[in-house]
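Return a 3D structure for these sequence lines:
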Amino acid sequence: MKKYTFNKEERLCSKRLIADLFHRGSSFFLYPYRVTFLPCQEMKPSIQVLFSVPKRRFPRAVQRNLLKRRMREAFRLHKNELLYSDLKQRSFSLVLAIQYVAKEVLDYQLIHDRMAEALIKLRHESAQIHLGEGD
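Numbering: from 1, shown residues only. All right, here's what the predicted structure looks like:
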C-alpha cells in the first residue's frame, strides 16, 4: 500500500535555497498556479516545495490557509506518480515554489486537477532544463 505523505523534510524552509530559487530558477504559468523550479544537486528529499498565496489578493488568513491546505493536499496525492517516479531515474533534485495566482477561491476539484497538469508540465520542463535543451 502506497503512503501518501508530505513530511517536514519535503517543505522548503532554507532561506538560501529560496533566494536561489527566485533568482536563478525557471518558471511557467498554468492557471491558477505559477510554478518556479530549480534543479540542484542530489539532496536527501529529492523534492522540496514551498506553497504561497498572496496576502494582497486574500487579506483574510482563513482564505490563505484554506488555499494552501488544498494545494498541499493535491500535491501530496499526485507527487509519487508524477514526480518521484521520474526523479528516481535522474541524478538531480528539485526545489520548487507553487504560487496561487487566481483572484478568487476555486473549488478543490479544479485545484486538484490543475495540480496534476502542473506537475506533468514540471516534469517535462525540468527534464529539458537539466539536459540543456531549455529555451
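
where does the spatially most central residue of the chain fall, helix, sheet strand or coil?
Compute the mean C-alpha point of the chain, and by CA atoms, centre = their mean the closest residue is I98, 4.4 Å away. For I98, the assignment made with DSSP: H, G, I helix; E, B strand; the rest coil gives strand.

wouldn't it be in contact with V35 here?
Yes. With contact defined as CB atoms under 8 Å, I98 reaches V35; the gap is 5.5 Å. No exception for glycine: its C-beta is placed from N, CA and C like everyone else's.

okay, and the common contacts of the two?
A118 (CB atoms under 8 Å, 6 or more residues apart in numbering).

Name the residues of the helix or strand of the chain with the lowest mean pLDDT that are buried.
Using mean pLDDT, DSSP states H and E, the weakest-scoring helix or strand in the chain turns out to be helix 85-87, at a mean of 74. Using 16 or more other CB atoms under 10 Å as the test for burial, helix 85-87 gives 86-87.

Give me the helices and strands touching the helix ranked longest in the chain, please.
In the chain, with assignment by DSSP state H, the single longest helix is helix 108-131. Applying 3 or more CB pairs under 8 Å, 6 or more residues apart in numbering; DSSP states H and E, we find helix 108-131 packed against strand 26-30, strand 33-40, helix 61-79, strand 93-100.

So what touches it?
The contact list for helix 108-131, computed with CB under 8 Å, 6+ apart, reads 26, 28, 30-33, 35, 37, 39, 67, 70-71, 73-75, 77-79, 82-83, 86, 90, 92, 94, 96, 98, 134.

ok, now how distant is the residue nearest to the centre of the chain from Q89?
Counting by CB to CB, to the nearest Å, the separation of I98 from Q89 is 23 Å.

got any ranges where the chain has weak pLDDT?
1-2, 130-135 (pLDDT under 70).

run the last query once more with 90
1-8, 39-47, 79-94, 123-135 (pLDDT under 90).

hmm, back to that, from the contacts of helix 108-131, list just the buried residues.
Here, 16+ other CB under 10 Å leaves 26, 30, 32-33, 35, 37, 39, 67, 70-71, 73-75, 78-79, 82-83, 86, 90, 92, 94, 96, 98 buried among the contacts of helix 108-131.

contacting residues for R76?
Per CB under 8 Å, 6+ apart, neighbours of R76: 4-6.
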